[in-house]
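Peer 1: Sequence and predicted structure below; questions after.
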Amino acid sequence: MDYLMLADRFHPVSPELEASLRLEDACGVLLEAQAAGELRRLLSAAAEDGVPIKPISGYRSTDYQAELFRRETAEALSKGCTEEEAERQVLRYLARPGESEHNCGLAADLAAPGFEETDPAFGLTGQGKWLRKNAHRFGFILRYPPMKEHLTGIMYEPWHYRYVGIEAADLIFSSGLCLEEFLHFYSDEFYPTAQGGEDTGH
């Protein structure tokens, strides 16, 4: 599994990858097996620190993503948007089917206990602050940080955390880069085969 893979409109998740995913439960949501194990460790550590965190979304099938996209687009249309406006609006916070990180099993949406939906104010909660400081220790990054929308194509989502592995997460956290910037600057180190080096297994 390539834990540094991009999943977006330029890098859709292949049906073969989705079909080959080994999924495990992570406190109520499914994630790729290694990511699930690390999320369980993260949630346990947060609880020990008195900051309980609840996962509300993990792996989504492409079919389910399609239904979400259809539903959100229909709601925008009902408010008077044209089809083009509706799609553009929805794409700011929801990916097309096959273009979502949730389709590759490496992303989790997180919340405070008692919440069933994502909350734009989550980053200001104790849970959001704890995650910003500690998620990298378990291989997770804040995938869509503020002021990076021009690079990620997605608005700030304080609830959306992505598994990339502990080594990469540490570097991303300490550098303040988003995943796109990280891959640009560190691709030679993490993908040496692209330059004729040996495969490190990433």
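Peer 2: Now that the structure is in, tell me what you want to look at.

Peer 1: just the helices in the protein please.
Peer 2: Remark: helices assigned in the chain by DSSP state H are 15-20, 33-48, 62-78, 83-90, 126-134, 149-152, 166-175, 179-190.

Peer 1: Comparing these, which yields the minimum mean pLDDT?
Peer 2: Lowest mean pLDDT of the helices of the chain: helix 179-190, a mean of 90.

Peer 1: so what are the domain limits for the chain?
Peer 2: 15-60+102-195, 61-99 (automatic domain parsing).

Peer 1: Go through those domains and name the closest to residue 9.
Peer 2: domain 61-99 (5.0 Å; C-beta to C-beta). (Each C-beta comes from the backbone N, C-alpha and C, glycine too.)

Peer 1: If you count neighbours, what's buried in the closest one?
Peer 2: 62, 65, 68-69, 72-73, 76-77, 81, 86-87, 89-91, 94-99 (16 or more other C-beta atoms under 10 Å).

Peer 1: Equivalent analysis for stretch 143-155, please.
Peer 2: 143-145, 148, 152-154.

Peer 1: How much space separates residue 127 from residue 4?
Peer 2: Per C-beta to C-beta, to the nearest Å, residue 127 is found 26 Å from residue 4.

Peer 1: Mind checking which of the buried residues of stretch 143-155 land in strands?
Peer 2: Assigned to strands by DSSP state E, none of the buried residues of stretch 143-155 qualify.

Peer 1: Return the member of the residues you listed nearest to residue 39.
Peer 2: Distances from residue 39 to the buried residues of stretch 143-155, taken by C-beta to C-beta, are shortest for residue 143, at 13.7 Å.

Peer 1: Let me know whether that closest one touches residue 161 as I believe.
Peer 2: Yes. Between residue 143 and residue 161 there is a contact at 6.5 Å, judged by C-beta atoms under 8 Å.

Peer 1: List the residues that are in contact with both of the two.
Peer 2: residue 107 (C-beta atoms under 8 Å, 6 or more residues apart in numbering).

Peer 1: Only the buried residues of stretch 48-62, if you could.
Peer 2: 51, 53-60, 62.

Peer 1: same check, this time on stretch 107-126
Peer 2: 107-112, 118-119, 122-123, 125.

Peer 1: And for stretch 12-32?
Peer 2: 12-13, 17, 21, 24, 26-27, 29-32.

Peer 1: Contacts for it next, please.
Peer 2: Counting by C-beta under 8 Å, 6+ apart, 1, 7, 33, 35-37, 39-40, 43, 54-59, 61-62, 98-100, 103-106, 108, 163 sit against stretch 12-32.

Peer 1: Can you give me the first-to-last residue distance of that stretch?
Peer 2: 17 Å (C-alpha to C-alpha, to the nearest Å).

Peer 1: tell me the contacts of residue 115?
Peer 2: Contacts of residue 115 (C-beta under 8 Å, 6+ apart): 54, 56.

Peer 1: Got the confidence number for it?
Peer 2: For residue 115, pLDDT reads 91.

Peer 1: Quick check: the gap between it and residue 154.
Peer 2: 20 Å.

Peer 1: just residue 51 next, same as before
Peer 2: 25 Å.
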